[in-house]
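**Student:** For reference, the sequence and a predicted model appear below.
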Amino acid sequence: MAALLVATKDKSELKLIQSLLKRMRVSSKVLSENEKEDFALGYIISQADRSKKVSRAEIMRKLAH
């Protein structure tokens, strides 16, 4: 199953797309701001380079700035 994320410019456009999807019997869900942030953060984490190791001292130095 594939997913499609669509960003609408306003509420009327959102309602139009929702009604079209409903007519086509395609399930849809409007995401809250928190859900959008969670999705974006999850995507960023999944794309992170995990091959490099960083020392605790270096992390603490970065947090101090």
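**Tutor:** That came through fine.

**Student:** For burial, what's the neighbour tally of residue 21?
**Tutor:** 14 (other CB atoms under 10 Å). C-beta coordinates here come from the backbone N, C-alpha and C atoms, glycine included.

**Student:** Mean confidence (pLDDT) on the helix or strand that contains it, please.
**Tutor:** Counting by DSSP states H and E, the element that carries residue 21 is helix 11-23. Per-region confidence: helix 11-23 scores 97 on mean pLDDT.

**Student:** Averaged pLDDT, the helix or strand following it. What do you get?
**Tutor:** Later in the chain than helix 11-23, the nearest helix or strand by DSSP H and E is helix 33-46. In this model, helix 33-46 has an average pLDDT of 94.

**Student:** Contacts for helix 33-46, please.
**Tutor:** For helix 33-46, contacts defined as CB atoms under 8 Å, 6 or more residues apart in numbering pick out 5, 31.

**Student:** how much space between residue 3 and residue 58?
**Tutor:** To residue 58, residue 3 is 37 Å away according to CB to CB, to the nearest Å.

**Student:** hmm, I was thinking of residue 48
**Tutor:** Residue 48 is 16 Å from residue 58, by CB to CB.

**Student:** could you say which helix or strand contains the residue lying farthest from the centre of the chain?
**Tutor:** Going by CA atoms, centre = their mean, the residue of the chain most distant from its centre is residue 57, 31.4 Å out. Remark: residue 57 resides in helix 56-64, with elements defined by DSSP H and E.

**Student:** higher neighbour count, residue 3 and residue 58?
**Tutor:** residue 58 (10 against 5).
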